[in-house]
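Peer 1: the sequence and its predicted three-dimensional model are supplied below.
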Amino acid sequence: MSILITGGAGFIGSHTCIEMQNAGYDVVVVDNLDNSSSKSLERVEKITGKPVKFYKEDVRNKEALRKIFAENEIEAVIHFAGLRAVGESVREPIMYYDNNLINTIVLLEVMNEFGVKKIVFSSSATVYGVATEMPLVEGMPLGAINPYGRTKLFIEHILSDLYIADKDWCVALLRYFNPIGAHKSGLIGEDPKGIPNNLMPYISQVAVGKLEKLHVFGNDYKTVDGTGVRDYIHVVDLALGHVKAIDWPLKNKGCEAFNLGTGNGTSVLQLRDAFVKATGVEIPYVIDPRRPGDPDEVYANADKAKNVLGWTAKYGINEMCEDTWRWQKNNPNGYED
């Protein structure tokens with residue numbers, strides 16, 4: 001039996017492939033490579049010594065997906081596939097609704113056809129919207145404030161409704177906070193196409209000279225140094241969370257949400273300073289105006305994941321910075337090197 005990983009060639013997906021294989025699972029990956037590279041999977045195979053069965057297909061292609069399910073004995077699905085840049089989603093909302101919602105509906109239809117009713121969904125802390133208190137707990141009111149976040153929230157509703165209609169389904173909704181870092185080998189890491197949307201790859205590209213300086217959006221937030229605070233989590237910790245999460249639907253029925261974060265907030269400048277300390281590379285920066293809609297701080301309460309899944313994050317900010325730098329230094333142009 002295999003685990004199907006949609007979007008498995010991406011940043012979080014490729015790291016999850018490694019940890020799933022290390023845990024003894026066989027994995028099948030489907031990815032359209034819109035914002036990823038098949039080289040990541042070649043490197044996964046190099047790290048684990050195990051093959052990754054890969055299909056270059058769009059999850060919205062129902063016939064292609066049926067073929068994948070027909071050719072493989074799929075036990076459960078981890079669903080990463082989707083667009084994930086907040087700013088782009090504001091500029092291109094229809095593209096996000098089309099891609100993220102339709103690919104999920106097609107996937108669920110095909111899963112249902114083949115009697116596969118266990119799924120782990122890659123959700124996001126963006127489903128909480130602008131919360132009035134911290135840390136964020138799973139039972140808090142939800143209310144995403146941008147198209148990307150709304151696609152995640154809508155999909156959570158779809159999966160919850162599906163379970164209500166058919167109690168044979170088991171759904172784990174994983175609400176990620178801010179994944180950074182890279183595999184210890186330095187062979188795989190975050191490789192965004194174009195100018196990075198996320199903070200850490202922006203910092204690391206400044207470090208290798210691809211970008212001139214870091215742009216810090218706002219320094220007048222009600223935080224320790226005026227810059228935005230987020231809950232950064234090592235991508236390997238996040239991947240290990242999926243190993244724990246896939247065990248849960250394989251042994252249970254239900255629909256449950258879990259925060260995957262460290263519970264600790266780190267500001268933009270604290271992360272920049274930690275990177276400088278960990279690498280010895282100076283990161284020049286400039287303060288720009290705030291971006292609309294950015295909250296002062298966002299961090300998780302991850303007690304439920306600890307108590308139900310037996311998962312806790314174990315890596316700290318320094319290791320996240322060191323591992324990011326090892327990847328970026330060895331691969332200044334990402335998978336194009």
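Peer 2: Arrived safely. Residues are numbered from 1 along each chain as shown.

Peer 1: contacts and neighbour counts: CA atoms only from here.
Peer 2: OK.

Peer 1: break down the chain into its strands, ranges please.
Peer 2: Ranges of strands in the chain, per DSSP state E, are 2-6, 26-31, 53-56, 74-79, 118-124, 170-176, 178-180, 214-217, 229-230, 232-234, 254-260, 266-267, 285-288, 297-298.

Peer 1: quick one: which of the ones you listed is nearest residue 150?
Peer 2: strand 118-124 (10.1 Å; CA to CA).

Peer 1: dump the strands of the chain to a markdown table, plus mean neighbour count and mean pLDDT.
Peer 2: Shown next, in a markdown table, are the strands of the chain (neighbours: other CA atoms under 10 Å; pLDDT from 0 to 100):
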| stretch | mean neighbour count | mean pLDDT |
| --- | --- | --- |
| strand 2-6 | 23 | 98 |
| strand 26-31 | 23 | 98 |
| strand 53-56 | 16 | 98 |
| strand 74-79 | 22 | 98 |
| strand 118-124 | 25 | 97 |
| strand 170-176 | 24 | 97 |
| strand 178-180 | 23 | 97 |
| strand 214-217 | 18 | 97 |
| strand 229-230 | 23 | 97 |
| strand 232-234 | 26 | 98 |
| strand 254-260 | 22 | 97 |
| strand 266-267 | 20 | 98 |
| strand 285-288 | 12 | 98 |
| strand 297-298 | 24 | 94 |
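
Peer 1: nearest to residue 307, out of those strands?
Peer 2: The closest of these to residue 307 is strand 254-260. By CA to CA, the value is 10.4 Å.

Peer 1: and the strands of the chain as CSV, adding distance to residue 130?
Peer 2: Shown next, in CSV, are those (distance: least, CA to CA, whole Å):
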stretch, distance to residue 130
strand 2-6, 29
strand 26-31, 32
strand 53-56, 37
strand 74-79, 25
strand 118-124, 13
strand 170-176, 15
strand 178-180, 16
strand 214-217, 17
strand 229-230, 13
strand 232-234, 18
strand 254-260, 16
strand 266-267, 17
strand 285-288, 21
strand 297-298, 9
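
Peer 1: just give me the longest helix of the chain.
Peer 2: helix 147-165 (DSSP state H).

Peer 1: can you pull the buried residues of that helix?
Peer 2: 147-156, 158-160, 162-163 (16 or more other CA atoms under 10 Å).

Peer 1: ok, how many other residues are close to residue 190?
Peer 2: 27 (other CA atoms under 10 Å).

Peer 1: one more: residue 72?
Peer 2: When neighbours are counted by other CA under 10 Å, residue 72 registers 14.

Peer 1: dump the residue contacts of it.
Peer 2: Residues near residue 72 by CA atoms under 8 Å, 6 or more residues apart in numbering: 1-2.

Peer 1: confidence score at residue 336?
Peer 2: At residue 336, the pLDDT value in this model is 89.

Peer 1: ok, residue 49 next?
Peer 2: Here, the pLDDT recorded for residue 49 equals 98.

Peer 1: using CSV, list the CA coordinates for the worst-scoring helix or strand of the chain on mean pLDDT.
Peer 2: When the helices and strands of the chain are compared on mean pLDDT, DSSP states H and E, helix 86-91 comes out lowest with a mean of 88. Once non-C-alpha atoms are left out, helix 86-91 reads as follows in CSV (Å, rounded to 0.1, in the frame of the first residue of the first chain):
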residue,chain,number,x,y,z
VAL,A,86,-0.9,35.6,-0.4
GLY,A,87,0.0,38.6,-2.5
GLU,A,88,-0.5,36.8,-5.8
SER,A,89,-3.9,35.5,-4.6
VAL,A,90,-5.0,39.1,-4.1
ARG,A,91,-3.9,40.0,-7.6
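
Peer 1: can you give me the buried ones in it?
Peer 2: The neighbour-count check on helix 86-91 (16+ other CA under 10 Å) flags 86, 89 as buried.

Peer 1: again, but for stretch 89-100
Peer 2: For stretch 89-100, by 16+ other CA under 10 Å, it's 89, 93, 96-97, 99-100.

Peer 1: nearest to residue 205 among those residues?
Peer 2: For those, the nearest to residue 205 is residue 89 (23.2 Å; CA to CA).

Peer 1: which ones are touching that closest one?
Peer 2: Residue 89 neighbours (CA under 8 Å, 6+ apart): 95-96, 146-148.

Peer 1: kindly report the same for residue 40.
Peer 2: Listed by CA under 8 Å, 6+ apart, the contact set of residue 40 reads 9-10, 14, 188, 335.

Peer 1: in helices only, show me these.
Peer 2: residue 14.

Peer 1: circling back: looking at the strands of the chain, which is nearest to residue 202?
Peer 2: The closest of the strands of the chain to residue 202 is strand 214-217. By CA to CA, the value is 6.8 Å.

Peer 1: how many other residues sit next to residue 225?
Peer 2: Considering only other CA under 10 Å, residue 225 is surrounded by 14 other residues.

Peer 1: same question for the one 3 residues further on.
Peer 2: One way to gauge burial is a neighbour count; for residue 228, by other CA under 10 Å, it gives 26.

Peer 1: cool, residue 209 as well?
Peer 2: 11.

Peer 1: list the contacts of residue 333.
Peer 2: Not one residue lies near residue 333 by CA under 8 Å, 6+ apart.

Peer 1: same check on residue 152?
Peer 2: 100, 123-124, 126-127.

Peer 1: now do residue 258
Peer 2: Counting by CA under 8 Å, 6+ apart, residue 258 touches 138, 172-175, 302, 304-305.
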